[in-house]
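Student: the following comprises the amino acid sequence and a computationally predicted model.
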Amino acid sequence: MPTSMPAPSIRIPIELLTPPAFHQFGTVIENPATSPSAKLPIPHRVPPPDSVTANQGFATKYLDVTHMSNLYTLAPSKKPAKAVMNMFVCKPRELRPHEASMSLPSSWGDLDIDDDEDENGNYERQLLDIGILERHPFTTQTFIPMGLAQQDKSTQYLVIVAPTLPASASRRYSNRPPPYPTPKIERKKSFRDIFARARPSPFTNEATPPPSLFSRLHPSARPKGPGIPDLKNLRAFVATGSQAVTYGAGTWHAPMIVIGDRPIDFVVVQFANEVGIEDCQEIILKPDSTAPEGVVVMVDTDSSGQVQVKTGVASVKAKL
């Protein structure tokens, strides 16, 4: 049975998926010459990856566009993992009608986001309830959409992520310890082993991981720690068909969410060792009995069905 935690009554606006905005959660894979990020003001762009000419001059090869991590050597079972590639066929989600609420839109504060009309007066707001988050503590996970054009306005997908709270907050906000598996420390008799056990554990947020273990990893691929998700700072991004996304190891995220009129096929690349609690952990979000609702993402669409960006860089009238 997955762990559960109380969820605040809160509404989240949608942002544009860009590498800088997503940096703490993972990496965005996109063509730097034609991506939505290329249209942003210069201060909000990031340098493109290094590139070389390939295929006898008929291709440009961008190097290290994402960073994969296999951290299963830290898993309690010590069972080795292998690289796996699966396909998820994700159906469009059913949304519920918009209802007025006093909820604030997450860490963005009290924003004026009630302008629900486009140039034709056809903006429509619907609501998406977020009832569960998951994470993969020892592996990155890359989602690659297939058959979805960048210009497709009627079908898009959302990337919903949350930061990780310190481990000490798990018992405060939940009646159970964190689901993140922590290694068992065997008692040793020698003084050398006793002093060795005093080194910081890589599974706590209260101490810096040993640099020899994580120094080679890109910051986006390093584990996030054992804590529960920080729901008040949950973020929601809308992606186009020209973008893939890699979740960093241990990043709390919602299952992939398709918005529109048809399914999207995703090829998913990760590591796995077939030990359930080490491959995937879930936490159920339960609204308080007195709360009118729980965690909700506001989905605004125009007359063509295109999801609108309401917060952050390129907000309100952004065209993807």
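Tutor: Looks like it came in fine. Only a predicted model underlies this, so the values are computations on that prediction, with no experimental measurement involved.
Student: report how many residues lie close to Val275.
Tutor: Val275 has 17 neighbouring residues, counting by other Cβ atoms under 10 Å. The way it works is simple: take the backbone N, C-alpha and C, and place the C-beta from them, glycine included.
Student: give the contact list for it.
Tutor: 75, 77, 79 (Cβ atoms under 8 Å, 6 or more residues apart in numbering).
Student: most neighbours, which of those?
Tutor: In terms of neighbour count, Ala75 stands highest of these at 20 neighbours, by other Cβ under 10 Å.
Student: does the residue lying closest to that residue once chain neighbours are set aside count as helix, strand or coil?
Tutor: Spatial nearest neighbour of Ala75, chain neighbours left out: Glu278 (4.6 Å); criterion: Cβ to Cβ, 6 or more residues apart in numbering. With DSSP: H, G, I helix; E, B strand; the rest coil as the basis, Glu278 sits in helix.
Student: tell me if I'm right that Glu278 and Leu74 touch.
Tutor: No - with contact defined as Cβ atoms under 8 Å, Glu278 does not reach Leu74; the gap is 9.5 Å.
Student: anything in contact with each of those two?
Tutor: What both Glu278 and Leu74 touch, as defined by Cβ under 8 Å, 6+ apart, is the set Phe138.
Student: hmm, back to that, between the contacts of Val275, which sits nearest Pro223?
Tutor: Closest approach to Pro223 among these (Cβ to Cβ): Ala75, at 11.1 Å.
Student: need the contact list for that closest one.
Tutor: So, once contact is read as Cβ under 8 Å, 6+ apart, Ala75 ends up touching 81, 137-138, 181, 273, 275, 278.
Student: next, count neighbours for Asp265.
Tutor: 13.
Student: what sits closest to it if chain neighbours are left out?
Tutor: Closest to Asp265 by Cβ to Cβ, 6+ apart is Met146, at 4.4 Å.
Student: returning to that earlier point: between Glu278 and Leu74, which is the more surrounded one?
Tutor: Using other Cβ under 10 Å, the more surrounded residue of Glu278 and Leu74 is Glu278, with 23 against 19.
Student: element containing the residue nearest to Ile284 when sequence neighbours are not counted?
Tutor: Spatial nearest neighbour of Ile284, chain neighbours left out: Ser4 (4.2 Å); criterion: Cβ to Cβ, 6+ apart. Assigned by DSSP states H and E, Ser4 belongs to strand 3-7.
Student: the next helix-or-strand element following that strand packs against which elements?
Tutor: Tracing the chain past strand 3-7, the next element assigned as helix or strand by DSSP H and E is strand 10-12. Strand 10-12 is packed against strand 295-301, with contacts defined by 3 or more Cβ pairs under 8 Å, 6 or more residues apart in numbering; DSSP states H and E.
Student: the residue nearest to Ser106 when sequence neighbours are not counted bridge partners, please.
Tutor: Leaving aside its sequence neighbours, Ser106 sits nearest to Ile12 (Cβ to Cβ, 6+ apart; 4.9 Å). Beta-bridge partners for Ile12, by DSSP bridges, are Val297.
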